[in-house]
Structure formats: C-alpha cells, structure tokens
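*Asks:* after the sequence you'll find the predicted model.
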Amino acid sequence: MNLAYDYPVLGAFWTVMWIFLWVLWIVLLFRIIGDIFRDDTLGGWGKTGWLVFVVLLPFLGVFVYVLARGRSMGDREVRHAQARQRAFDDYVRETADTGAKPGNEADQLAKLSEIRSRGDITDAEFQRAKEKILH
C-alpha cells in the first residue's frame, strides 16, 4: 500500500519541475515551427530542412534553431505584431470614416426616402432624420 508520505517532497518537486520543463519545451517547439513557416527570408527548401531537422531530432533541432536564428526570430515576431497592429488600425480608421465619406449622405438620404415611400416613417420623422444627416 502506497501512502502519500512514501513520496518525498523533493521527489514531488522534481516531478513538477520536469513536467514544467517538458511543457515549456513543447511550447517552444510549436513556436519555432510557427516561426519557420512565418519567415519570408527562407525559401521552400530552407523551411523544409529546418522543419525536418526540428521534427526528426526535436531536442537538438530546437536548440540549434534557437542558437542559429533566435535573434531574427524575435525581430520577425516584432514585425509581425506591428503588421497586425497596422492592419487593425487601418480597419478601425476605415470603419470610423464611413460616416464622413463624401457621397455617403446621398446614400443615407436615398435609404431614408425609400423608408418614407414604404410608409415606415412619417414626413415629420423624415424631415428630422434628413436634418440629422445633413448637419
């Protein structure tokens, strides 16, 4: 019968440490695989070579990749984050500017008159909405 006190505290510490290091290594492995695919400077054969090396000899491949390309890996991550931020900013700017585009008032007035012609709003509501659009 195994009891909890048969497993020493130092053994539990080492077990937790090894599990943590294993999970850390798995995360690093997937991050490196993502970096291999994201790298625009590598050609197809270069990506294939690194991928085969990292998959077939995982521990050695990860360490060699980090030693050989670790600095540029960080630079690529920063460039990728900046590109995502620019794309998001452009999207927000484009979305926010839709109300200020020239000609948009005409589209809104056309939709408003269509709604009035269907009888969904009264003439007074149409006039109020038209004033809001034009001012």
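*Replies:* Received the coordinates, thanks.
*Asks:* distance of the most centrally placed residue in the chain from residue 33?
*Replies:* Centroid-nearest residue in the chain, with CA atoms, centre = their mean: residue 84, separated by 7.1 Å. As for residue 84, its distance to residue 33 is 19 Å (criterion: CB to CB, to the nearest Å). (C-beta placed from N, C-alpha, C; glycine too.)
*Asks:* residue 14 now?
*Replies:* Remark: distance between residue 14 and residue 33 (CB to CB) = 29 Å.
*Asks:* so between these two, which is more surrounded?
*Replies:* Taking neighbours as other CB atoms under 10 Å, residue 14 and residue 33 compare with residue 33 leading, 16 against 11.
*Asks:* got phi/psi on the more buried one?
*Replies:* Dihedral pair for residue 33: phi -60, psi -40, per degrees, to the nearest 10.
*Asks:* was I right to think it contacts residue 50?
*Replies:* No - counting by CB atoms under 8 Å, residue 33 stays clear of residue 50, with 9.0 Å between them.
*Asks:* residue 129 - how many residues pack around it?
*Replies:* 17.
*Asks:* host element of it?
*Replies:* helix 123-134 (DSSP states H and E).
*Asks:* mind listing what's buried in that helix?
*Replies:* For helix 123-134, the neighbour count (16 or more other CB atoms under 10 Å) marks 126, 129, 130, 133 as buried.
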